[in-house]
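Q: got a sequence here, can you build the structure:
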Amino acid sequence: MPIMHNPDSTYSRELSRWDLSKREGGFGADGFEPFPTMLYKAFPNSQGTVMCGDPRAAMGDADAETFSRKCQLFVQGQEESERAKKAGWSDTPDQALTRYESDQRSVADIAAARHFSDKRMSESAQSEAQTADEATHEHVAAVPVRRKRGRPAKPSATTQAVTNGPG
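A: Sure, this is the predicted structure:
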């Protein structure tokens, strides 16, 4: 036999507040709220292994904890989430690893195309590209162009005479 309580009693009013969500003035759960949420990004760790978080962080390793925090980002709203996703963050760690691999593959494809086009460059440009490649172990998609700073030099009277001819 069920227990019946007077609906006007303080006890019944308190029980009914637990059936309402917090946004309706009760004590119950509000339901699913999408934000704040965590986004993930994969990075190579100090040994060069690409990871999204480090399992050693659970054992109290300070370096692993720092690396794991670097791989996580909390976002508070939809706009912030969209900006972060454009910057390379993902919804899950597996998606972050897949995105890192695809980004590296596209950089490698661009670098391979640059290496192919380097064959048609001058010797000095080829040596400059080779120097840029040897400066790092990563793919170099574009060789930085070194330009002199400041205004270009004014042509002198002798160079104008040579290019324009006499008179």
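Q: quick check: bridge partners of residue 28?
A: Taking DSSP bridges, one obtains residue 21 as the residues bridged to residue 28.
Q: so where is the protein shaky, pLDDT-wise?
A: For the chain, the stretches flagged by pLDDT under 70 are 147-148, 157-167.
Q: that one: helices as residue ranges?
A: 10-18, 62-70, 78-86, 93-118, 123-134, 157-164 (DSSP state H).
Q: tabulate those (CSV), appending mean neighbour count and distance to residue 35.
A: From N, CA and C alone the C-beta is placed, and that goes for glycine too. As requested, those are exported to CSV (neighbours: other Cβ atoms under 10 Å; distance: least, Cβ to Cβ, whole Å):
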stretch, mean neighbour count, distance to residue 35
helix 10-18, 11, 25
helix 62-70, 15, 19
helix 78-86, 13, 7
helix 93-118, 14, 18
helix 123-134, 12, 43
helix 157-164, 10, 65
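Q: of those, which is nearest residue 53?
A: Smallest distance to residue 53 across the helices of the chain (Cβ to Cβ): 4.4 Å, for helix 62-70.
Q: and that closest one, what does it pack against?
A: For helix 62-70, there is no helix or strand it packs on, judged by 3 or more Cβ pairs under 8 Å, 6 or more residues apart in numbering; DSSP states H and E.
Q: with only the CA atoms kept, save it in PDB.
A: The C-alpha coordinates for helix 62-70 follow below in PDB (Å, rounded to 0.1, in the frame of the first residue of the first chain):
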ATOM      1  CA  ALA A  62      54.300  16.300 -13.900                       C
ATOM      2  CA  ASP A  63      55.700  16.400 -17.500                       C
ATOM      3  CA  ALA A  64      52.900  14.100 -18.700                       C
ATOM      4  CA  GLU A  65      50.300  16.200 -16.900                       C
ATOM      5  CA  THR A  66      51.600  19.300 -18.600                       C
ATOM      6  CA  PHE A  67      51.600  17.600 -22.000                       C
ATOM      7  CA  SER A  68      48.000  16.400 -21.400                       C
ATOM      8  CA  ARG A  69      46.800  19.800 -20.500                       C
ATOM      9  CA  LYS A  70      48.300  21.200 -23.700                       C
END
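Q: I am finished for the moment; much appreciated.
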